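In: Need the 3D shape of this:
(one chain, ligands or ions: 2)
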Amino acid sequence: MSEITSSIPLQINPDLQEERDKASFNVTELTHIIYGGIEKTKKRKRLEKLLFSDPFFQEYQNVRAFGSRSEYYAASVKKSTKIFKLRRQHKWTDEEYETVLDICHDDLALTLHHTMFIPALERLATEDQKSKWLTLAKQYKIIGTYAQTELGHGTYLQGLETTATYDPQTREFVMNTPTLSAMKWWPGSLGKSSNHALVLATLIISGKKYGMHPFLVQLRSMDDHKVLPGVRVGDIGAKMGGNSVDNGYLILDNVRIPRNNMLMKNAQVSPDGKFVTRGPSKANYATMMLIRVQICTMAYQVVSSGATIGIRYSAVRRQSKLDPQDREPKILEYQTQQYKIFPGLAMSYAFLFASRSLTRKYEEAFAEIQRGDFKSLPELHCLSSGLKSFCSEHSVRQVEIIRQSCGGHGYLNAAGLGMLVNAAAPMITVEGENTVMYLQLARYILKRFAGAMSGQQLDGSTSYLSMDPATYVCPVMSETDCRNLTALCDIYRYRSYMTVCRVARQVQHDMESDMPQHVAINKNLVDLVRAAKAHSYYIVVKDFVEGVDALVASAPVIKVLRTLCCFYAAHGIAEYSGDFLESEAVGLHQLKWIKNLQVSLLGEIRPDAVALVDAFDYHDITLSSALGCYDGNAYERLFKSTENDPMNKEEVHPSYYQYLKPFMEEMNKSKL
Ligand SMILES: CCCCCCCCCC/C=C\CCCCCCCC(=O)SCCNC(=O)CCNC(=O)[C@H](O)C(C)(C)COP(=O)(O)OP(=O)(O)OC[C@H]1O[C@@H](n2cnc3c(N)ncnc32)[C@H](O)[C@@H]1OP(=O)(O)O
Ligand SMILES: Cc1cc2nc3c(=O)[nH]c(=O)nc-3n(C[C@H](O)[C@H](O)[C@H](O)COP(=O)(O)OP(=O)(O)OC[C@H]3O[C@@H](n4cnc5c(N)ncnc54)[C@H](O)[C@@H]3O)c2cc1C
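Out: Ligands and ions are numbered 1, 2, ... in the order given. This next block holds a predicted model:
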């Protein structure tokens, strides 16, 4: 009788325990740093316990893995409503609620209600409008979404075709979708969940267009959720990932809404049809900026959960031989495996510090904006556009590398990595497609560079553009200098300066050769994106270095973070060595030293790798991975996961009777 069972051992896999025993630092201390202090860690743990003591959350994993699209959506609606009810029951603060959403991560069907609808009302509505709709939205008496993108246009907001025409007779706006390409297409939670939508439409008064403005439109009856007259709405179909969310389409046919349903914080239409604006023309773009900032934090969560799965699995998976006399090693021993996974580990900490710094800047600027001071808006728009693109691009790419590093098992849904990659992939597209957002940053950098050239003193993230490049000497003079974080940061800064300088001069040269500006820009788009990427890389390295320098922590924690920071910076230089050489930020000698350092740091990180991912402290249900579970019993959990597979429900699958049996009978009867 076989002894193979699918029960999960109670003890931690000894291979993983061995890793934990040899950590050089206190994991709990680092966890507190990551979550912002001991109280916050405790609170998060309490919330996790409360949520996950409900068996629904375990069952939900099965529906997610094996349910149909419709079942998954339904379970996710249930999950959303459960969380909403718990919020009310326990009177969670906004911060506690955000923590719960982090714990439950990406796949709430009603996600847009809290990620965009409520923040948009907060940013775009007047106080009066807030007291009505924000209150209703926060109490879930209305469920809404943010409907901006259309079938024909997502990026180019000036191209949006949905119209809101003011009718002064009735004091209403008439909402219309004039063409096929004008239909709203993509908004999350629109297809089936929302009864209201914040529709971004071109305002028209007396035949004149006044740009894009937000209008609150009721879509479904509050009694029976039936679609209201003049509204056509539905789901846009299955996607690569995120299938619990009903991204939808919306067609409006002469739908009339009261004048007061235009959110009028930034611009007003008076009853007699007069248009007045307040603040800069891009004030209505405020919600997008918030989400761009949040995407940087999501990118941290994505890459850190990927690294957790990859490293824990690599510490329990044994394969092949290193020492012919010894047993098969953990795959984590292979330098190539470390080379695949440790960049994701270092990136996690880099993005933690970068997203923290960006969030702080956003909060400061938002407070200023609330007071009517918009001076930090351009800098923040460009910083958030660049970092949103950089963090999403790098995290998604890195998690896919980690998935590959887990061999065959990484390809199973039960590994959690494929789902993570597919769920995270849209970060590259949403809230501004990455290339387009990099170009927003590039445009800003070019202007600032031109300012510096004409003697302006720059401040903020681009202040280094006023440096004198003639004074640059590569600060790495010896192999030991390579470990100097400030020196590494200077190298990034100079690479960025030179990349910006080169493209700025090229654009200027092209324009001076009588090329129209738009032709000159398009001819240099690739280099403009390169410049934006170089600048973003510099900012991330700088935030990491400054973040570690400012930490108040024990010596072992600081030491391990400095090692990671050094590896992150050295790895980037080695990976993009062509750019660093071309810009003469490093010479061949320095590059060789930095590459040596990059590889030797793999060995230094190795003993702490498991502890460094343990510090992220992800709950097993949040990670949703048989390979990355805290106890390291990956094989048992993989086998256990097959129990829930509907394919294994019957010993003989119905398709046998329907197709295979008759086919076999036919084959057996055949004379050929
Ligand atoms: C264990 C844990 C596991 C965790 C797993 C987590 C998994 C997470 C997965 C998450 C996946 C997905 C996330 C889900 C959330 C989805 C929400 C998505 C919602 C949306 O996508 S909403 C739609 C967003 N749409 C956009 O972003 C459109 C992008 N386009 C634009 O923003 C603009 O069109 C533009 C490209 C910026 C151009 O604007 P415009 O045409 O108006 O340009 P102009 O040339 O007239 O003006 C440019 C001028 O304006 C300045 N400017 C532009 N934008 C702003 C701004 N926001 N603020 C301030 N200033 C702005 C610009 O700088 C120019 O200034 P200048 O003239 O140069 O001085
Ligand atoms: C999962 C998901 C959820 C979403 N949720 C919402 C939502 O809730 N609400 C909402 O309103 N929208 C939502 N969207 C839409 C999303 O915001 C848009 O898809 C996004 O802004 C990109 O726009 P696009 O699709 O028009 O891309 P396009 O602009 O068509 O991009 C296609 C290509 O064209 C290039 N390109 C376009 N313009 C330029 C340019 N000026 N310069 C150089 N290259 C250019 C891009 O780089 C890209 O390579 C969602 C999308 C997804 C995938």
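
In: isn't D490 right next to T471, touching?
Out: No. When contacts are counted by CB atoms under 8 Å, D490 is not listed as touching T471 (11.2 Å). (Glycine included, C-beta is placed from N, CA and C.)

In: what about these two, which has more around it?
Out: D490 (21 against 6; other CB atoms under 10 Å).

In: What parts of the chain come near ligand 1?
Out: 105-106, 115-116, 146, 148-149, 154-158, 188, 282, 285, 288-289, 291, 298, 301-302, 305, 377-378, 381, 423-424, 426-427, 430-432, 436, 440, 443-444, 618, 622-623 (CB under 6 Å from any ligand atom).

In: run the last query once more with 5 Å
Out: Listed as neighbours of ligand 1 in the chain under the rule CB under 5 Å from any ligand atom: 105-106, 148, 155, 157-158, 282, 285, 288-289, 298, 301, 305, 377, 381, 423-424, 426-427, 430-432, 622.

In: got the residue ranges for the strands in the stretch 151-300 of the chain?
Out: 163-167, 172-176, 184-185, 196-205, 208-218, 231-235, 248-252, 255-258, 267-269, 275-277 (DSSP state E, counting those that start in this stretch).

In: Show me what the first one is packed against.
Out: I take that to be strand 163-167. strand 172-176, strand 196-205 (3 or more CB pairs under 8 Å, 6 or more residues apart in numbering; DSSP states H and E).

In: and if you look at the fourth one?
Out: Helices and strands touching strand 196-205, as assessed by 3+ CB pairs under 8 Å, 6+ apart, comprise helix 118-124, strand 144-147, strand 163-167, strand 172-176, strand 208-218, strand 248-252, strand 267-269.

In: List the strands paired with that strand, with their directions.
Out: strand 144-147 (parallel), strand 163-167 (parallel), strand 208-218 (antiparallel) (DSSP bridges).

In: For it, what is the distance to the chain centroid?
Out: Here the centre of strand 196-205 is set off from its chain's centre by 27 Å, with CA atoms, centre = their mean, to the nearest Å.

In: And the average pLDDT for it is what?
Out: What strand 196-205 shows for mean pLDDT is 98.

In: what about it and ligand 2, touching?
Out: No. Using CB under 5 Å from any ligand atom, strand 196-205 never reaches ligand 2; the gap is at least 7.2 Å.

In: Extract the C-alpha set from that strand and format it as PDB.
Out: What follows is strand 196-205 as a C-alpha-only set of coordinates in PDB (Å, rounded to 0.1, in the frame of the first residue of the first chain):
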ATOM      1  CA  HIS A 196     -23.400  54.600 -11.400                       C
ATOM      2  CA  ALA A 197     -20.400  55.700 -13.500                       C
ATOM      3  CA  LEU A 198     -18.300  58.800 -13.500                       C
ATOM      4  CA  VAL A 199     -18.300  59.400 -17.300                       C
ATOM      5  CA  LEU A 200     -15.600  61.600 -18.700                       C
ATOM      6  CA  ALA A 201     -17.000  63.400 -21.600                       C
ATOM      7  CA  THR A 202     -16.500  66.500 -23.800                       C
ATOM      8  CA  LEU A 203     -18.600  69.400 -22.500                       C
ATOM      9  CA  ILE A 204     -20.600  71.200 -25.200                       C
ATOM     10  CA  ILE A 205     -22.400  74.500 -24.500                       C
END
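
In: how big is the angle separating that strand from strand 248-252?
Out: Interaxial angle, strand 196-205 versus strand 248-252 (axes from the mean of the first three to the mean of the last three CA atoms, to 10 degrees): 40 degrees.

In: What is the neighbour count of T429?
Out: T429: 14 neighbours (other CB under 10 Å).

In: how is this protein carved up into domains?
Out: Per automatic domain parsing, the structural domains of the chain span 28-108, 142-278, 287-456+479-613.

In: ok, which residues in the stretch 101-250 of the chain are in contact with ligand 2?
Out: Checking the stretch 101-250 of the chain against ligand 2 by CB under 5 Å from any ligand atom, the hits are Y146, Q148, T149, G154, T155, W186, P187, G188.

In: cool, and the chain?
Out: Checking the chain against ligand 2 by CB under 5 Å from any ligand atom, the hits are 146, 148-149, 154-155, 186-188, 426, 429-430, 433, 435-436.
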